[in-house]
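# Prediction below, plus the sequence it came from.
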Amino acid sequence: MDTTNAIRPVSPSIDGVIREHGAALLSYVTRLTGDRYLAEDIVQETWLRAWRHADRLTADKGSVRGWLMRTAHNVTIDQHRSRKARPTEIAFEGEVLTNKAVQSAPSDDVENRMVLNELLEHLSPVHRRTVVEVYVTDRTVTSAASALGVPVGTVKSRLHHAMRNLRGRFAGGALRAA
């Protein structure tokens, strides 16, 4: 079996495609992103995908430029989504940080504690102790089971019922009278 045809792309050489469509592709992606350096990264990824799928870069399978533009558009969207999924990077403007870490005010802690206490009042004593062990003292279910002297399944069941009770009672963010 001759494997030389399996290795060589059937389509025109990638070098020719880059020469023919490179400037237009970079211009398009720069307009999409508004950032020349990011656009260059996206175009580089587009060329890599074009090299991997060189068999698709023929006029008989559709517009080569259209395939490149669509691929670059998809890479742009993918990078945008991945940046949104990661925490915001801190950028410097002169000596001032634009994204400073936010510390909660002591009054926020007091208010949160008051709301938590009010929520816990609506639970039975066993459910309350279970919720406090797992969520307030930040224990694992296994550790909470040991501390409470009950099986792990009981802790899970109590948590489930306590959360269901609280969700039902406080649906929509408004406290309902007991």
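Right, received. Where do you want to start? Numbers count the residues shown, from 1 in each chain.
# And the residue nearest to the spatial centre of the chain, how far from R164?
Centroid-nearest residue in the chain, with Cα atoms, centre = their mean: A85, separated by 2.9 Å. Distance of A85 to R164, given as Cβ to Cβ, to the nearest Å: 30 Å. Every C-beta, even on glycine, is put in place using the N, C-alpha and C of the backbone.
# Mind giving me the packing neighbours of the host helix or strand of T130?
Under the criterion of DSSP states H and E, T130 resides in helix 125-131. Counting contacts by 3 or more Cβ pairs under 8 Å, 6 or more residues apart in numbering; DSSP states H and E, helix 125-131 is packed against helix 141-148, helix 152-169.
# What are the buried residues along stretch 147-154?
148, 150, 154 (16 or more other Cβ atoms under 10 Å).
# Assumed the second one was part of a helix.
In other words, V150. No - counting by DSSP: H, G, I helix; E, B strand; the rest coil, V150 is not part of a helix but coil.
# Contacts only, for the residue nearest to the centre of the chain.
By Cβ atoms under 8 Å, 6 or more residues apart in numbering, the contact set of A85 is empty.
# who touches the helix or strand containing A23?
Element membership for A23, per DSSP H and E: helix 14-33. The contact list for helix 14-33 (Cβ under 8 Å, 6+ apart) reads 11, 36, 39-40, 42-43, 46-47, 50-51, 54, 57, 64-65, 68-69, 72-73, 76.
# domain ranges for the protein?
As assigned by automatic domain parsing, the chain contains the domains 11-87, 106-173.
# next one: the longest one to chain centre, how far?
The chain centre lies 23 Å from the centre of domain 11-87; the measure is Cα atoms, centre = their mean, to the nearest Å.
# so where is this protein shaky, pLDDT-wise?
Scanning the chain for pLDDT under 70 picks out 1-12, 87-102, 171-178.
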